[in-house]
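Q: Everything below, folded, please.
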Amino acid sequence: MNLSESLSTPRIFRTVGEVADELGRECYAVGGFVRDLIVGRPSKDIDFVTVGSGIELAEAVGRVLGPKTRVNVFRTYGTAQIRRGELELEFVGARRESYTRDSRNPVVEDGTLEEDLSRRDFTINALAMRVNNAGFGEVIDLFDGLGDIRRGVIRTPLDPDVTFSDDPLRMMRAVRFATQLGFELYPLTKDAITRNASRIEIITRERIKDELFKIMASPKPSIGWRLLLETGLLHYILPELERLKGVEVRNGRAHKDNFFHTLLVLDSVAQRSEKPELRWAALFHDIGKPVTKAWDQTRGWTFHNHNFIGAKMIPGIFARAKFPQGEFMRYVAKLVELHMRPIALVEDEVTDSAVRRLANYAEEDLPDLMILARADITSKDEAKKARFLANFDLVEEKIAVIRAKDAERARKFPLDGLEVMRLLGLPTGPEVGFYIKKLQQAVKDCEIDDTREAAVRYVVSLAAERGLAPAKAPEDFINEAPTAETDE
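A: Here you go, the predicted structure:
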């Protein structure tokens, strides 16, 4: 195979090849760029391998590209980088590696192209494309990586047990590539991951987190989570998810397998949104079910308050897994806690006040919550599923109407702070703010109408509860013209 016609930016490859020829060096683009070029995925990171010093080659390329080209050299690792527009070029000399049992940090020595390609994790990543003028674009395929791309499998070039024991992170990468590309794990490769799964514990949580987030960004992230379960990796990474697996039967009554239900929800959300935190909320939405599972003689299996318990579990999971903290974590916990509210709402009558309470709880995250709630309807009872989804349509219609009403109310609110002060004889201060806030909430929650009369009577009633009599008779005040500020 020759890829020269497939290159969208052939000039940079020609330049590197010409410099390599002047130095009398073999040079190849290798790894992920070549793989992605073949499968048709965009890639902006290009790794070049030369037989000799990669730093020397990079510095020579930098001189040819011009004085404004910056070459970043990492002598400890024997690598150098050049940024060229949107492209990031990395140069390294061909290497061979060896590992000790208790570390994933290899002992690196100079090597041949064959040794360099053989040390790579998978056959699909062990492809090289020649950039020297002689044979430009020719693909070097020592381990049938092209065949594995055609077959859609992830396979190691060498003994998979050695590959994964040497560098256990490669087990995560195998799952990640299978998920991103829609490939399968080669049976011998999958068996080796299962045998070596416990080795993942020597890998830092940060590195594992990076792979998990790449899995979650894939078009169908359930592929990765299913493989993590099947290979045993999930037990060491997120055991809380592993505990969702399984069905228990008592008196002929069974609950659904919450792990595979979760994967259905996750894929459904992924079809609707690329938002990372929403996908993580989908993955964790039922995380509290194993903790709350109980048997009731009348109702069968129950999971009371699993949403609240699940939300409380999120900070601990995120801290242990080195997931993002702050707003990202709070968002996930919030949606886990609220994910039952839309379903509970549509099981009853969809009233304006109930919809408004839902909107007030969810605030700006309401659209995401509705995506999650829709995805959570995985019942095999098509009539029940259709009924729920139709009610969700009604909820969203009511939300739009209510928000329009709220905007109008905000513009023409029945009482302002000055009027509350006149009505109750209060000076400026936090006491006025208390009444205004309570009044606004009562209107939003449909506890009272948004009329001047209802607002006055509500404020007077609230003041009476606090032992305060109005400064003006409510009837007289109601009939007064509003202040100018209220009209505005």
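Q: How about residue 322, nearest residue that isn't a chain neighbour?
A: Leaving out its chain neighbours, the residue that sits closest to residue 322 by C-beta to C-beta, 6 or more residues apart in numbering is residue 205, at 4.1 Å. C-beta coordinates here come from the backbone N, C-alpha and C atoms, glycine included.
Q: Give me the neighbour count for that neighbour.
A: For residue 205, the neighbour count with other C-beta atoms under 10 Å is 14.
Q: swap in residue 299?
A: If we define neighbours as other C-beta under 10 Å, then residue 299 has 10 of them.
Q: cool, the one 3 residues further on as well?
A: Burial of residue 302, expressed as a neighbour count using other C-beta under 10 Å, amounts to 14.
Q: Got phi/psi on it?
A: Dihedral pair for residue 302: phi -130, psi 160, per degrees, to the nearest 10.
Q: The chain should start at 54 in everything you say after this.
A: With the count now opening at 54, the last piece we talked about shows up as residue 355.
Q: I figured it hits residue 306, correct?
A: No. Taking contacts as C-beta atoms under 8 Å, residue 355 lies outside contact range of residue 306: 11.2 Å.
Q: you'd agree residue 477 is up against residue 517?
A: No. Judged on C-beta under 8 Å, residue 477 makes no contact with residue 517 at a distance of 10.4 Å.
Q: neighbour-wise, which of those two wins?
A: Between residue 477 and residue 517, counted using other C-beta under 10 Å, the more crowded position is residue 477 (20 against 11).
Q: Next one, pLDDT for the more buried one please.
A: The per-residue pLDDT reported for residue 477 equals 89.
Q: now do residue 489
A: 88.
Q: And for residue 241?
A: pLDDT, read off for residue 241, is 97.
Q: ok, now residue 290?
A: With respect to pLDDT, residue 290 scores 96.
Q: Can you report how many residues lie near it?
A: 22.
Q: in the stretch 104-253 of the chain, which spans are strands?
A: Applying DSSP state E, counting those that start in this stretch to the stretch 104-253 of the chain gives strands spanning 124-127, 132-137, 140-146, 148-151, 160-163, 180-183, 192-194, 206-207, 237-238.
Q: And those strands: which comes nearest residue 316?
A: If you check each of the strands of the stretch 104-253 of the chain against residue 316 by C-beta to C-beta, strand 237-238 wins as the nearest, at 16.7 Å.
Q: Who does that closest one pair with, and is each partner parallel or antiparallel?
A: strand 206-207 (parallel) (DSSP bridges).
Q: coming back round to it: most tightly surrounded among the strands of the stretch 104-253 of the chain?
A: Compared across the strands of the stretch 104-253 of the chain, strand 180-183 shows the largest average neighbour count, a mean of 26 (mean count of other C-beta atoms under 10 Å).
Q: so what strands line up beside that strand?
A: strand 80-83 (antiparallel), strand 192-194 (antiparallel).
Q: now these in CSV, with mean pLDDT and distance to residue 220?
A: Formatted as CSV, the strands paired with strand 180-183 follow (pLDDT from 0 to 100; distance: least, C-beta to C-beta, whole Å):
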stretch, mean pLDDT, distance to residue 220
strand 80-83, 95, 17
strand 192-194, 95, 22
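Q: With distance to residue 204 added, can I get those strands in a markdown table?
A: Formatted as a markdown table, these follow (distance: least, C-beta to C-beta, whole Å):
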| stretch | distance to residue 204 |
| --- | --- |
| strand 80-83 | 21 |
| strand 192-194 | 14 |
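Q: quick one: contacts for the residue lying closest to residue 328 once chain neighbours are set aside?
A: With C-beta to C-beta, 6+ apart as the measure, residue 421 is the residue that lies nearest to residue 328, at 6.9 Å, once sequence neighbours are left out. Going by C-beta atoms under 8 Å, 6 or more residues apart in numbering, residue 421 touches 326, 328, 331, 334, 388.
Q: got any ranges where the stretch 404-541 of the chain has weak pLDDT?
A: Flagging of the stretch 404-541 of the chain using pLDDT under 70 yields the residue ranges 458-466, 534-541.
Q: quick one, helices of it?
A: Assigned by DSSP state H, counting those that start in this stretch, the stretch 404-541 of the chain shows helices spanning 405-415, 419-428, 435-464, 470-477, 483-497, 505-518, 527-532, 537-540.
Q: now, of those helices, which is deepest in the fold?
A: helix 419-428 (a mean of 20).
Q: What angle do helix 405-415 and that one make with each other?
A: 110 degrees (axes from the mean of the first three to the mean of the last three C-alpha atoms, to 10 degrees).
Q: returning to that earlier point: I'd like the contacts of residue 421 as JSON lines, with neighbour count, pLDDT and secondary structure appended.
A: Shown next, in JSON lines, are the contacts of residue 421 (neighbours: other C-beta atoms under 10 Å; pLDDT from 0 to 100; DSSP: H, G, I helix; E, B strand; the rest coil):
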{"residue": "326", "neighbour count": "17", "pLDDT": "95", "secondary structure": "coil"}
{"residue": "328", "neighbour count": "14", "pLDDT": "96", "secondary structure": "coil"}
{"residue": "331", "neighbour count": "23", "pLDDT": "97", "secondary structure": "helix"}
{"residue": "334", "neighbour count": "28", "pLDDT": "97", "secondary structure": "helix"}
{"residue": "388", "neighbour count": "26", "pLDDT": "95", "secondary structure": "helix"}
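Q: In TSV: those residues, plus distance to residue 180.
A: Below are the contacts of residue 421 laid out as TSV (distance: C-beta to C-beta, whole Å):
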residue	distance to residue 180
326	34
328	34
331	35
334	38
388	41
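Q: low pLDDT regions in the stretch 104-253 of the chain?
A: 150-162.
Q: Provide a list of residues in contact with the residue nearest to residue 432 when sequence neighbours are not counted.
A: For residue 432, ignoring the flanking residues on the chain, the nearest one in space by C-beta to C-beta, 6+ apart is residue 438 at 4.9 Å. Neighbouring residues of residue 438 by C-beta under 8 Å, 6+ apart: 430, 431, 432.
Q: before we move on, what about residue 66?
A: Counted by C-beta under 8 Å, 6+ apart, residue 66 has contacts 60, 82, 184, 189.
Q: so which of these is the most crowded?
A: Top of these by neighbour count (other C-beta under 10 Å): residue 184, with 29 neighbours.
Q: wait, isn't that residue in contact with residue 82?
A: Yes. Using C-beta under 8 Å, residue 184 is in contact with residue 82, at 5.9 Å.
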